[in-house]
Structure formats: C-alpha cells, structure tokens
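Novice: Pasting the sequence and the predicted model now:
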Amino acid sequence: MFPLSPAILSQVNWGALADKIPDLAPLLFISVIALLLNANSLELVIHRDVDLNHELAITGAGNLAAGMVGGSPGYHAISLSRLNHAMTGGQRLAGVFTAALLGLTVIVGATLLGFMPKMALGAMLVFLGFSLLMDWVYRAWFTFTRVEFLIILTILVIIAWKGFLLGIAVGLILTIVLFVINYSRINVVKQAFSGAGYRSRVHRSQRQWEFLAGSSHALYMMKLQGYIFFGTANNLYQQIQKRCAEGDGQPLRWVILDFERVHGLDSTGMLSFKKLMLLAQESDFMVVLTGLSHREAEQFAHAGLSDLDSHFKIFPDIDHGFEWCENEILRDWEEGADPTDLFDQLLTILPDRNAIQALLPYLERKEIGAGEYLMHTGEEPDRLYFVESGQVTAQIEKAGGEIYRLESIRGGNVVGELGIVLDIRRTADVVADLPSVVYCLSKTRLEEIERSDSEASRALHHLIAKMLGERVVKLTKILDALQ
C-alpha cells in the first residue's frame, strides 16, 4: 500500500508528531555536516573541486521533495559515489537507474528486492569496505601525520563499536582540539621591533630625531595577525612579559599593538589582555592599541578596557599611535632646544649664513589658521613653502571620504617642493593642523633667483636636496624595520 494513502494518513496522530519536531531538528544539522564532510571527501575520489553551494542547494531541494512524499533526509553517500565513480567514471545513469528502482519499489512493494542476488550485493559491500579501508587506513599511514592517523583510527573504531554519529562527533572534537593546539603554536606577532628603526609620518627636526633615537628602546611595537584566542593571546602576553623583563638597558614605557591584520578576537583571548593590563600597571608602561575594528573596540570596551584607563590608549592607526608615543618621549625635550625662527632652522640644515641670508628676502611670510589649505590635489605647482612654526599635513582623500595622512611637517621643513622641481601637478592636499607660520616662494620668484642670484639659488637647491635626502633615509629605515 502507498505510504501516503488517505487510509494511512487518517491514522496519524498529528499531535504526537508535532511533539517530536524538536527531537527531529538535529537531523537538519547532522545532514548538513555529513553533506559537507562527504562532499569534501568526494573531491579526493573524483580528483576535482565540488561546488559546495550547488551541492547544498540540490540536496536541500531533494530533501524537500522527499519530505513531501514521506521520505527521510539524506545526503551524499561517499561509499556509493565512490563505487559509481570506479565502475562508470561518475556517469549519471547509475543514479537515474537507482532512483527508478526505488520508485518502482514504492509502487510494487519490497518483493522486487528479493530477485536481487544476495551474493552480488554482499560482494559489493565487501569491495567497498576494503577499498575504503585501503584508502583511509593503509594509505593514510603514509600521507597523514601520526596524530592525524590516530584520530582516523579512533573514528573507525568508534563507528564500528558504537555507530556512525558518535564516531563523527568524536572525530570532530578531536580535530578541533588538534586544530586549537596547532593554531596556538602560530606566532600571532607578524613583526616586532623597537622605536629605533620606525618613525611616525611627522617630520621633525634632526635634533628631535636624535633625542627619539636615544629613547627608542623604551618603545616596543608589535604588528599582530590572524585570529586571537586564548592560545595565541597567551603567547603574545609571554613575549611582552619577556621584553619587559629584558628592558634592553631602558625600562619599557610604551607597547604598541597593531590590530590592522587581525581577523578576529574572542572572549578567551580577552583574558590575556586583562592580564596584560595588570602587568602594565605593575611595571608602569602604557599599552597602545591601533587599527582596531569597530567590533574589536566594542569587545575591549565591554571587557572594561577603555581609553579612559591611565595605562591604556586607542588610536585609529599605527601612525597616529606612534606619533603620540613620540610626543610623550619629547615631553622630556628641553624647551628652546630647537630654534624657533626660520633663519636658524635653515642654518641647522645648511650651515652657510651668507647663502641663507641671500635666500630669505625672496620669501613671503604668511600666517595661516588651523584647517586652512595651502594646496589642493591637481593644482598647478605655483609655489613652495618653508614651515617656521605650527604643523601642516600632506594628505590624500580616498573614496568614501577617508583621509590618509602622507606626512605631517613641522618647523624647519619644506612642503610643495616636488611639484616645483618635477613640474607636475599637486599629488596631495596640504592643510594646516595648527595655526602656523610659513614662508612662501612663488614660481616667479624662483625663476628670478635662478636667473640672477646664484647664491640664493645654490642655498635653495642645497636645502631641498638635504631635506629630500633626510626623508629618503627615514623611509629606508622604516622599510628596514618592517622587513
């Protein structure tokens, strides 16, 4: 009799069936997990990639159709798929024939199966069993690590002893444990270095660079990568603890952790960061976090690690975080150690008083307010500027309005010289961060200098060459530190 005939459906206790729905729900997850596992195994059998999204969609549609006529959930059978691939090369005819036999069985009953030779069916099962044992036991010994091979044997024994589902569950647990152990050994620190080779994009005076270099070992920067959980976070904590104990002759005062390449952070990893904050309080150093995503920043806030803590700071990127640390170091810098007027500033770069004095009359003094632009991207290069005081920043506006800082320039430095020297349009915006005093040299005055004043021309080109050279040296040191 057809299983969904009105006579049978009238006998169904629908209330009892509804009560069993919560018990049947795990079948959905088991079917999906088994499908993914078998589909991945099937790739090894047929030696080509399987579109998992396509397989999930087709299997889901097949299960819905089977459910409409009283069938049970199903998924790929690796043993039968392997047999079909070995006998026919993976042709669809075997599947169509199997479906036709099943459909015929529904109509005429199970008596049809009695005509199938039991010896052939048994031999086929034995063949499949030995083929799978050959691949996943004998050959696995030569292709997998010993730990992975033991997991495979464990799964095999439990499936034979207690059943398929328990074997798969134990296998998943063991592989997850193995993954956690192996991933914990991966160093989450992509790069680690002191402040000796790395600098922010703020261009400072030569004397300030020398002062920062003398205090460089008080600053320790670590660029992180990957996913951070209790294993990798504990390794990170131990590295910082070791660096704090060593000191390299100077007490550790700042630790910068850059999260730009971090893919995620879980609550177990947050425990190690809480330990790190306790270490920072005990050893009196500051933890500076940079490049946090919005979600990661929320995780730190929920864990009670906020920017309000006296040993904890957050900055949008590593450049601004490093700049803040440099400014903290320069708090010990003596006021008045650097000259404040342009003449003395240029004299520290080119110690030729006559040449500097010959150049200054061609410069026009200007006072600009915070937020005022000196130049815009794409403009003609009509002038360059010497910064006497304050700070201006060369920046690029990316798609979506995001501002990317190229360099911040302070007293005694030049800006806009590349457009003049190379005769190209402006490649970036330059805006004043603070109220600033600049000295402007127009292109017309520059041509006048080159035409009629060799002394001033020599001073100008020497100054520009030295300033560009300093920037190249600084960039080279940063690249060396990042290698």
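Specialist: Nice, thanks for sending it over. Since the structure is predicted, the reported quantities are computational estimates derived from the model, not experimental observations.

Novice: Could I get the buried residue list for the lengthiest strand in the chain?
Specialist: What stands out as the longest strand in the chain, according to DSSP state E, is strand 254-265. Buried residues in strand 254-265, counted by 16 or more other Cβ atoms under 10 Å: 254, 255, 256, 257, 258, 259, 262, 265. Any C-beta I mention is one placed from the backbone N, CA and C, and that applies to glycine too.

Novice: average model confidence for that strand?
Specialist: Mean per-residue pLDDT for strand 254-265: 90.

Novice: Can you give the strand pairings for that strand, parallel or anti for each?
Specialist: Taking DSSP bridges as the criterion, strand 254-265 sits next to strand 219-228 (parallel), strand 286-290 (parallel) in its sheet.

Novice: residue contacts, residue 44?
Specialist: If a contact means Cβ atoms under 8 Å, 6 or more residues apart in numbering, then residue 44 has no contacts.

Novice: and it, what element?
Specialist: In this assignment (DSSP states H and E), residue 44 forms part of helix 26-46.

Novice: and residue 437, what helix or strand is that in?
Specialist: strand 436-442.

Novice: what's the model's confidence in that strand, averaged?
Specialist: Mean predicted confidence for strand 436-442 is 91.

Novice: Next, the buried residues of it.
Specialist: Neighbour count says strand 436-442 has 436, 437, 438, 439, 440, 441 buried, by 16+ other Cβ under 10 Å.

Novice: Same question for stretch 121-132.
Specialist: In stretch 121-132, counting by 16+ other Cβ under 10 Å, buried: residue 128.

Novice: Off-centre distance for the longest strand of the chain?
Specialist: 9 Å (Cα atoms, centre = their mean, to the nearest Å).

Novice: about what we covered before: and the strands paired with strand 254-265, which one is worst for confidence?
Specialist: Among the strands paired with strand 254-265, strand 219-228 scores lowest, with a mean of 89.

Novice: picking up where we left off before, please pull up the helix or strand immediately following the helix holding residue 44.
Specialist: helix 52-68.

Novice: Kindly export that next one (C-alpha atoms) in PDB.
Specialist: Presented in PDB, the C-alpha positions along helix 52-68 are these (Å, rounded to 0.1, in the frame of the first residue of the first chain):
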ATOM      1  CA  LEU A  52      29.600  23.100  -2.100                       C
ATOM      2  CA  ASN A  53      26.900  25.800  -2.600                       C
ATOM      3  CA  HIS A  54      25.500  23.900  -5.600                       C
ATOM      4  CA  GLU A  55      25.500  20.600  -3.700                       C
ATOM      5  CA  LEU A  56      23.800  22.200  -0.600                       C
ATOM      6  CA  ALA A  57      21.100  23.700  -2.800                       C
ATOM      7  CA  ILE A  58      20.500  20.400  -4.800                       C
ATOM      8  CA  THR A  59      20.500  18.300  -1.600                       C
ATOM      9  CA  GLY A  60      18.100  20.700   0.100                       C
ATOM     10  CA  ALA A  61      15.700  20.600  -2.900                       C
ATOM     11  CA  GLY A  62      15.900  16.800  -2.900                       C
ATOM     12  CA  ASN A  63      15.200  16.600   0.800                       C
ATOM     13  CA  LEU A  64      12.100  18.900   0.400                       C
ATOM     14  CA  ALA A  65      10.800  16.700  -2.400                       C
ATOM     15  CA  ALA A  66      11.400  13.500  -0.400                       C
ATOM     16  CA  GLY A  67       9.700  15.000   2.600                       C
ATOM     17  CA  MET A  68       6.600  15.800   0.600                       C
END
